[in-house]
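**Student:** When you get a sec, could you give me coordinates for this:
(2 chains)
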Amino acid sequence: MYSPFGIDIEKSIEDCLDLQKKFMKGMENFLDTKDTDSDSDTTPKELVYQEDKMKLYHYKPLVKNPCKVPTLIVYALVNRQYMMDIQQDRSVIKNLLQLGLDVYIIDWGYPTQEDMYLTMDDYINEYINNAVDHIRESEKVDKLNVLGVCQGGTFSTIYSSIYPEKVKNLVTMVTPIDFDVTEGLLFKWGKHLNIDNMVDTYGVLPGALMNSGYLMLKPFQLMLDKYVNLFENIDQRELVQNFMKMEKWVFDSPGQAGETLRQFVKDLYQENKLVKGTLQVGDKKVNLKNINMPVLNIYAEYDHLVSPASSKALNDLISSKDKELCSFPVGHIGMYVSSKSQKQMSPKLAKWLIDRSN
Amino acid sequence: MCTQQSDSNFMDQYFEFQKNMLHTWQKSFMPNREEKNTDPITEKNPMDFFNQWTNASYDAFSKNINFMKENTASHGMLGALETYQNLYKFWNNLILENDKAPLDKFYSHWQKEYTKMLSNHFMNFLPDSVQNLLKDPIDTYQMYLNTSKNFYTPWLNNFSASQSLLGKSFTGDQDAFLDYVKLYRKNYEKTFGKFFDIPALGLGKEHFENEMNRADAFISYTNTVNEFFVTIYKVGTETMEHIMKEYQSMLTKGTHPKTFKEFYEYWWQENEAAYTNLFKTDDFSKLLSQVVDAGLILKQNTDKFFEEQLDFLPFPKMSDMKSLYKTVYDLKKEIKNLNKEMKNLAKNNNTNEMGL
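**Tutor:** As a prediction, this is how the structure comes out:
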């Protein structure tokens, strides 16, 4: 049924009725939304080491004889590491444990003003290095596998080039390496950012401020269409529940220690020192050629935060003979939460590590 | 207590909503004879019905999730819902006016509304503190006005003229914006500019210089923010114009979106593409950097102002705390290094003893 205005009235009314029904059901779903903080929703883990706000957790193995070389996950300072274990039916951590890995993870915590002077030197040469040493001592191994995610991947790469003797295998996921790329708005905007002013003003940069920048990368998709899609599926209880979990994670943004961010933006985003070989962290020079262990470099084909070109660059800059580039047709976050990626990415990752951990 | 109140609100809203729905149904599907006689266009009723119904649905839903406002997710959701609802009004007008009124009349009416809609949408990205700063520039202005003893008085004389130009510029009138900036600059040079050049003397020297810096920071901030939002709105209104033209062309071919849902999909994707193109430019990157920088300088000056005002109170200030944090950080680092050295020494001693 078309009106003179070219509108399909019948279909529009159907849409309308459908929406009405969904909204009614959706209200019930919202009122029933469970608290997402409960530990029962996460894979069991134990706190094994703590230094200032950094905590190192060890996940309870889910197989009888897990891989002898433990794997340490280093997450980004931006957002929280629990994204890798956010839904039990799609948990990367749970999958990796079930596939036989022995997994540790670093929780960076929430920096407060007293942490404003923490530098990349503190994060890499102290926190990561101390966590690695703790695992090496407690597990009685010389080397362990390091799996870095996003900015955590950049830190892990830097770590592996400074301490190659402690890293058996390196896996980088959606990791920015080359910051002088034309794709990706963050790389473009980062070039012009007056980070000195930002750090001097705030000390610890508020997470909400950082989030505003990320949301602006896709203003209509992330601040409108995402919610419209939710409205359209609001009658599905599980979907609403999962959406709320993800939403909580998205806006659970810790502040950023100013001095670390200052060096990260200046030396990497603006001067691309990691690729140029001129980066120095504390008193250690960073030379990517020192990376000689097996490397698996995983990137997302539709990543709007870390462009594939930036991640792919790593394999040409290291001296490892055993190196592999691997991609999945997902976005930055989809790498961890999409069921498509879960079916392929975790098995691929676990097998790659186990094959090289003997 | 709070939950009870929310639940009771929810039930009230729910019953009110049901009542409205029935009323809408009655009005739409059972029109009285008089209405039928006076309106020969039979399509009016289904469209009115559609319009009222959809609005009622959105309103009810947004009111009912309103009590969850403290939750960030629902906060974002409410913003999205508002934009979605406004877009619906736009679409509704577009399809109705398309046949009846000249496009330019529609365009001029919607320019303002559309800008408001975009403004709401982009405001949703910002943290609350920044939103307040942007939403209430007059309040901020007032605050400075009071604290600097009417230092800004000359500016108020030209306030309405500049605001009128600013208003025009927000609808995409670039000439008006340029005039606004020129007027601003002229006022600035006539008033503050002269003051800034006067060498500060005597006891109030430091205070005076700080006031100068604050005034300068505020002016730079408002100028940059205005330029930033004009750039954002300009792309929005240009895209709206493009959508309207393309919609007309699709209408003649019969390929136009047939439902609001289809129109929405088409609308947001066109907008996303337009904004991505803007964001990719070097000019926008520089402008974004400038606006962030101007905001930061303003914040630095505001912080300093509050520190000065609280100086006589027995509380540590942020600058005192920063110094303390640095001392604690350095000490902590030193202790960690000493611990490491002791651990290594103990390790070496053990090795030596075992060797012996």
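**Student:** ok, the residue in the stretch 251-358 of chain A that chain B sits nearest to - how many residues close by?
**Tutor:** Going by Cβ to the nearest Cβ, chain B is nearest to A:Phe251 of the stretch 251-358 of chain A, at 4.1 Å. Bear in mind the C-beta positions are built from the backbone N, C-alpha and C, glycine included. Neighbour count for A:Phe251, taken as other Cβ atoms under 10 Å in any protein chain shown: 17.
**Student:** So it versus A:Ser91, what's the distance?
**Tutor:** In this structure, A:Phe251 and A:Ser91 are 21 Å apart, going by Cβ to Cβ, to the nearest Å.
**Student:** What of A:Ser338?
**Tutor:** Counting by Cβ to Cβ - A:Ser338 and A:Ser91 are separated by 13 Å.
**Student:** which of those two has more neighbours?
**Tutor:** Counted by other Cβ under 10 Å, A:Ser338 and A:Ser91 do not tie: A:Ser91 has more neighbours, with 23 against 18.
**Student:** where does the residue of the stretch 251-358 of chain A closest to chain B land on pLDDT?
**Tutor:** A:Phe251 is assigned 90 on the pLDDT scale.
**Student:** And B:Pro199, by the same measure?
**Tutor:** Per-residue pLDDT puts B:Pro199 at 61.
**Student:** same deal with B:Ile65?
**Tutor:** 48.
**Student:** Mind exporting the C-alpha coordinates of the longest helix belonging to chain A to PDB?
**Tutor:** Ranked by residue count under DSSP state H, the longest helix found in chain A is helix A:9-31. Taking C-alpha atoms only, helix A:9-31 is exported to PDB below (Å, rounded to 0.1, in the frame of the first residue of the first chain):
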ATOM      1  CA  ILE A   9       2.200   2.600   4.700                       C
ATOM      2  CA  GLU A  10       1.600  -1.100   5.300                       C
ATOM      3  CA  LYS A  11       5.300  -1.800   5.800                       C
ATOM      4  CA  SER A  12       5.800   1.300   7.900                       C
ATOM      5  CA  ILE A  13       2.900   0.300  10.200                       C
ATOM      6  CA  GLU A  14       4.300  -3.200  10.400                       C
ATOM      7  CA  ASP A  15       7.700  -1.700  11.400                       C
ATOM      8  CA  CYS A  16       5.900   0.500  13.900                       C
ATOM      9  CA  LEU A  17       4.000  -2.400  15.500                       C
ATOM     10  CA  ASP A  18       7.100  -4.400  15.600                       C
ATOM     11  CA  LEU A  19       9.000  -1.600  17.300                       C
ATOM     12  CA  GLN A  20       6.200  -1.100  19.800                       C
ATOM     13  CA  LYS A  21       6.200  -4.700  20.800                       C
ATOM     14  CA  LYS A  22      10.000  -4.800  21.100                       C
ATOM     15  CA  PHE A  23      10.000  -1.600  23.300                       C
ATOM     16  CA  MET A  24       7.600  -3.200  25.700                       C
ATOM     17  CA  LYS A  25       9.600  -6.300  26.000                       C
ATOM     18  CA  GLY A  26      12.800  -4.300  26.100                       C
ATOM     19  CA  MET A  27      11.700  -2.400  29.100                       C
ATOM     20  CA  GLU A  28      11.300  -5.700  30.900                       C
ATOM     21  CA  ASN A  29      14.800  -6.700  29.800                       C
ATOM     22  CA  PHE A  30      16.300  -3.500  31.000                       C
ATOM     23  CA  LEU A  31      14.700  -3.800  34.400                       C
END
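**Student:** tell me which residues of stretch A:171-187 are tucked away?
**Tutor:** Buried residues in stretch A:171-187, defined by neighbour count with 16 or more other Cβ atoms under 10 Å in any protein chain shown: A:171-181, A:184-187.
**Student:** In terms of helices and strands, where is B:Ala294?
**Tutor:** Using DSSP states H and E, B:Ala294 falls within helix B:282-309.
**Student:** Can you tell me which helices and strands that helix packs against?
**Tutor:** Counting contacts by 3 or more Cβ pairs under 8 Å, 6 or more residues apart in numbering or on different chains; DSSP states H and E, helix B:282-309 is packed against helix A:185-192, helix A:195-202, helix B:128-135, helix B:205-253, helix B:318-355.
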